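Visitor: okay, sequence plus prediction incoming.
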Amino acid sequence: MSKQVAVILSGCGVQDGAEIYETTLTLLRLDQLGIGYRCFAPDISQHHVIDHRSGEPVPDEERNALTESARLARGEISELAELDPEAFDAVILPGGFGVAKTLSDFATAGSDMQVLESLGAPLVAFHEARKPIGLMCIAPVLVPRLFGEGIAVTIGHDPAVSGAISAMGGLHRGCKVDDIVVDFEHRIVTTPAYMLAESISEAATGIFKLVERIDELMDL
């Protein structure tokens, strides 16, 4: 039986959901390595809807994070509440502002952020079982809030976001777009992805490294 990885999404689109390229590159590398995966998303309304042409909020429009995430997963997706960490060997969270707006309130609360309970509970279970956890782009901000102080992560080198991570007790490490930061003790792998990437190929290098390291950690 192949290794199995849970991939958690937050909608469809960088401004209000999961980052599309980060998600696609993650699924591509998992498939290339022969690793099975299942996508999950919460069955709740997104924080808001952004017109990705103008970058402006769309008044009076509401979208469901699970329904929108199904676009990325080609319909093969389950509700986040159904995620059983015992059925998977690792978990990966692509970025996108859905992480900071829907899966948490980091976008508005910063270091006082709260994490969606249906996300926090399974992630803590993965961590307590010492199963590898991969996070990219803005998603590493979840680490100090969920898993405690002193865990090394990266979002690249954005001073405001790295400062918030430090304020929550995290250990932020500067990182280039094509690299990863690995906390071997806590089995957490992070990469900047589109916090820094200026092209899909730049994002791919770091994301592929993250998936490959998660693969290696699943063997340990």
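Guide: Done, it's in. Residues are numbered from 1 along each chain as shown.
Visitor: pretty sure residue 20 contacts residue 12?
Guide: Yes: taking contacts as Cβ atoms under 8 Å, residue 20 lies within contact range of residue 12: 6.6 Å. The way it works is simple: take the backbone N, C-alpha and C, and place the C-beta from them, glycine included.
Visitor: more crowded one of those two?
Guide: Per other Cβ atoms under 10 Å, whichever of residue 20 and residue 12 has more neighbours is residue 12, with 25 against 18.
Visitor: which SS class is that one?
Guide: Secondary structure assignment for residue 12 (DSSP: H, G, I helix; E, B strand; the rest coil): coil.
Visitor: in stretch 144-164, what's buried?
Guide: Using 16 or more other Cβ atoms under 10 Å as the test for burial, stretch 144-164 gives 144-147, 151-157, 161-162, 164.
Visitor: tell me how far the ends of it are from each other?
Guide: End-to-end distance for stretch 144-164, by Cα to Cα, to the nearest Å: 10 Å.
Visitor: what are the contacting residues of it?
Guide: With Cβ atoms under 8 Å, 6 or more residues apart in numbering as the test, stretch 144-164 has contacts from 104, 106, 110-111, 113-115, 120, 123-124, 127, 135, 137-138, 140-141, 143, 165, 168-177, 180-183, 186, 188, 190-192, 195-196.
Visitor: buried ones among those residues?
Guide: Judged by 16+ other Cβ under 10 Å, buried ones among the contacts of stretch 144-164: 104, 106, 110-111, 113, 115, 120, 123, 127, 135, 137-138, 140-141, 143, 165, 168, 170-173, 175, 177, 180-183, 186, 188, 190-192, 195-196.
Visitor: who's in contact with residue 205?
Guide: Here residue 205 is in contact with 177, 178 (criterion: Cβ under 8 Å, 6+ apart).
Visitor: circling back: got the buried residues of stretch 144-164 as a markdown table, with pLDDT, secondary structure and distance to residue 94 columns?
Guide: Below are the buried residues of stretch 144-164 laid out as a markdown table (pLDDT from 0 to 100; DSSP: H, G, I helix; E, B strand; the rest coil; distance: Cβ to Cβ, whole Å):
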| residue | pLDDT | secondary structure | distance to residue 94 |
| --- | --- | --- | --- |
| 144 | 98 | helix | 19 |
| 145 | 98 | helix | 18 |
| 146 | 98 | helix | 17 |
| 147 | 98 | helix | 19 |
| 151 | 98 | coil | 19 |
| 152 | 98 | strand | 20 |
| 153 | 98 | strand | 15 |
| 154 | 98 | strand | 15 |
| 155 | 98 | strand | 13 |
| 156 | 98 | strand | 15 |
| 157 | 96 | coil | 20 |
| 161 | 98 | helix | 16 |
| 162 | 98 | helix | 20 |
| 164 | 98 | helix | 20 |
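Visitor: and of these, the nearest to residue 208?
Guide: residue 154 (16.0 Å; Cβ to Cβ).
Visitor: what is the neighbour count of the nearest residue to residue 78 once chain neighbours are set aside?
Guide: Excluding the flanking residues, the one nearest residue 78 by Cβ to Cβ, 6 or more residues apart in numbering is residue 40, at 5.3 Å. Residues near residue 40, counting by other Cβ under 10 Å, number 23.
Visitor: report the buried residues of the helix or strand where residue 40 lies.
Guide: Using DSSP states H and E, residue 40 sits in strand 36-41. For strand 36-41, the neighbour count (16+ other Cβ under 10 Å) marks 37, 38, 39, 40, 41 as buried.
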